[in-house]
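Got a predicted structure here, sequence first:
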Amino acid sequence: MTTGRILIVEDEMQIAETVRLYLEREGFSVMVACTGTDALGAIKDGFDLIILDLMLPDMRGQDICAAVREFSDIPIIMLTARSSEEDRISGLGIGADDYVVKPFSPRELVARVKAHLRRTKKTERKELSFHHGDLFIDTASREVRKGGRVLALTNTEYRILLCLAEHPDIVFSRQQLINSVQGMDFEGFDRVVDAHVKNLRQKIEDTPQQPAYIKTVYGVGYKFLGRPQK
């Protein structure tokens with residue numbers, strides 16, 4: 001049976017209780033916080049994933065997400081009634097790993113939770129280095145370092161980087177890339193993937209406008225430039 005600790009941050013109790021019941025049936029330990037203040041107080045107790053509503057009575061979900069990203073790369077799935085492409089990109093831009101629009105299927109949400117945790121818990125040790133040792137990826141510690149400095153990547157950013165870096169010079173379409181890192185079909189827009197890649201470039205590239213690692217193949221997708229050093 002699945003195990004893991006999940007924090008639901010949602011002020012609509014019917015939604016929170018429905019999601020809680022579905023997760024508990026799958027073996028998860030679940031806590032519900034109804035306000036941003038309660039959520040920020042609970043997060044540091046240690047959770048494996050956060051399900052975060054965008055609109056809360058005391059603060060915005062985006063602000064909570066940004067605060068969490070100051071000290072943790074825990075997977076965050078945003079819940080929102082806003083379905084526009086710009087809203088999705090905005091949520092991903094401040095560090096969310098996934099974006100689910102209300103109304104949603106609780107079963108689909110549970111499947112997404114499992115997919116994120118399955119990816120997070122892979123612990124096979126492999127250290128990869130690129131471009132004369134400037135960029136290091138350590139899959140045991142899930143750390144990415146550039147010039148000796150640890151980079152603060154979200155889980156989705158980390159998985160995109162690892163997927164591309166493990167297959168240098170192979171072009172991934174946007175759909176192939178998001179399916180690979182999420183472990184399931186992702187009904188999103190191409191620009192959602194682009195938003196993740198843009199965030200990633202801001203962190204790993206010296207000049208994001210002239211990327212040395214992740215190259216755009218126009219009309220197709222992305223590929224990683226450079227091979228692992230022996």
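In hand now; what should we look at? Bear in mind the structure is a predicted one, so any value in this text is a computation, not a measurement.

Work out which residue lies at the spatial centre of this protein.
Asp97 (2.5 Å; Cα atoms, centre = their mean).

Quickly find the element holding Ala67.
Here Ala67 sits within helix 61-68, counting by DSSP states H and E.

What are the buried residues along that helix?
Applying a neighbour-count criterion of 16 or more other Cβ atoms under 10 Å, the buried positions in helix 61-68 are 61-62, 64-65, 67-68. Glycine gets a C-beta too; all of them are placed from N, C-alpha and C.

hang on, Tyr99 packs against Ala81?
No: contact criterion Cβ atoms under 8 Å: Tyr99 and Ala81 do not qualify, at 11.8 Å.

so what's Arg107 up against?
Contacts for Arg107 (Cβ atoms under 8 Å, 6 or more residues apart in numbering) come out as Tyr22.

Give me the pLDDT for it.
The predicted structure scores Arg107 at 93 on the pLDDT scale.

Cys163 versus that one, what's the distance?
When distances are taken as Cβ to Cβ, to the nearest Å, Arg107 and Cys163 turn out to be 26 Å apart.

Just the element for Arg191, please.
With DSSP H and E as the criterion, the answer for Arg191 is helix 190-204.

I'd like the next helix or strand past that helix.
Scanning forward in sequence from helix 190-204, with DSSP H and E defining helices and strands, the next element found is strand 214-217.

Listing partners with orientation, what would you give for that following strand?
Taking DSSP bridges as the criterion, strand 214-217 pairs within the sheet with strand 221-224 (antiparallel).

got a list of contacts for the partner strand?
Contacts of strand 221-224 from elsewhere in the structure, counted by Cβ under 8 Å, 6+ apart, are 164-165, 167-174, 176-177, 197, 213-217.

run the last query once more with 6 Å
Counting contacts by Cβ atoms under 6 Å, 6 or more residues apart in numbering, the residues outside strand 221-224 that touch it are 164-165, 168-169, 171-174, 214-217.

Got the phi and psi for the nearest residue in space to Val110 that is not next to it in sequence?
Leaving out its chain neighbours, the residue that sits closest to Val110 by Cβ to Cβ, 6 or more residues apart in numbering is Tyr22, at 5.3 Å. When read as degrees, to the nearest 10, the backbone of Tyr22 gives phi -60, psi -40.

hang on, isn't Tyr22 packed against Glu108?
No: using Cβ atoms under 6 Å, Tyr22 and Glu108 do not qualify as a contacting pair, with a distance of 10.1 Å.

Looking at those two, which has the bigger crowd around it?
It is Tyr22, of Tyr22 and Glu108, that has more neighbours when counted by other Cβ atoms under 10 Å, with 17 against 12.
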